[in-house]
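Enquirer: sequence and predicted structure, then a few things I'm wondering about:
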Amino acid sequence: MGMLFSVSPARAQEADTGVAIATLSAGALFGEGGHGSYGASLGYTMSKHLMPFIDFSYSPLTSYAFTYGANDNGKGLFTSSLLDLNGGLKIRFPNKRGNWVPYFGLGAGLLRFATSNYTSGFSTTATVNANRDVVAGNASVGGLYYVTQHIGIEMELKGYFAQQEHLGRASAGLFFQFP
């Protein structure tokens, strides 16, 4: 006796309000060079069109070892990274005929640029850490593709705008809608 197994994508319902959507994503940061980026977000569908969200991402920027001194006896390691914590509102456009829910979003948050410089040699060691916090607005466009009624793929492009910083992040991830 054979058994037939079929997965039919559940249509994204425009009535999926009062649910949370959690996403884990990976992608790339651009504007400060090209670097990897890893993130997570959580949103709540207040209505079929409005979804407030909170988003967190981490991007390692630069890491390199170096030597110093007349005979290169000193050793050092420089690292830098970017932490992003932001929130805002996504405006969704549910589609009755398909599994895609496109959206655009607006928000604001904090970008933390962190650097660390560790040196050793000449009978001394030193670590210098420096952080710089920047308040930035952001705008995004993206879409949710429902594989099932509760699981899918999210793709997003997000731009960050601050007085002296202009960055972008492209990401893709898996989302889970609950309850």
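Expert: Right, received. Where do you want to start?
Enquirer: shaky segments in this structure?
Expert: For the chain, applying pLDDT under 70 flags the ranges 1-15, 32.
Enquirer: beta partners of the closest residue to Ala108 other than its chain neighbours?
Expert: Closest residue in space to Ala108, ignoring its immediate chain neighbours: Gly137 at 5.0 Å, by Cβ to Cβ, 6 or more residues apart in numbering. All C-beta atoms are positioned from the backbone trio N, CA, C, and that covers glycine. For Gly137, the beta-bridge partners are Ala108, Phe161 (DSSP bridges).
Enquirer: ok, Gly137 touching Leu110?
Expert: No: Gly137 is not in contact with Leu110 according to Cβ atoms under 8 Å; the separation is 11.4 Å.
Enquirer: now do the contacts for Leu29.
Expert: With contact set as Cβ atoms under 8 Å, 6 or more residues apart in numbering, Leu29 has these partners: His35, Gly36, Ser37, Ser59, Leu61, Leu82, Leu167, Gly168, Arg169.
Enquirer: and for Ala65?
Expert: Contacts of Ala65 by Cβ under 8 Å, 6+ apart are Lys75, Gly76, Leu77, Phe78.
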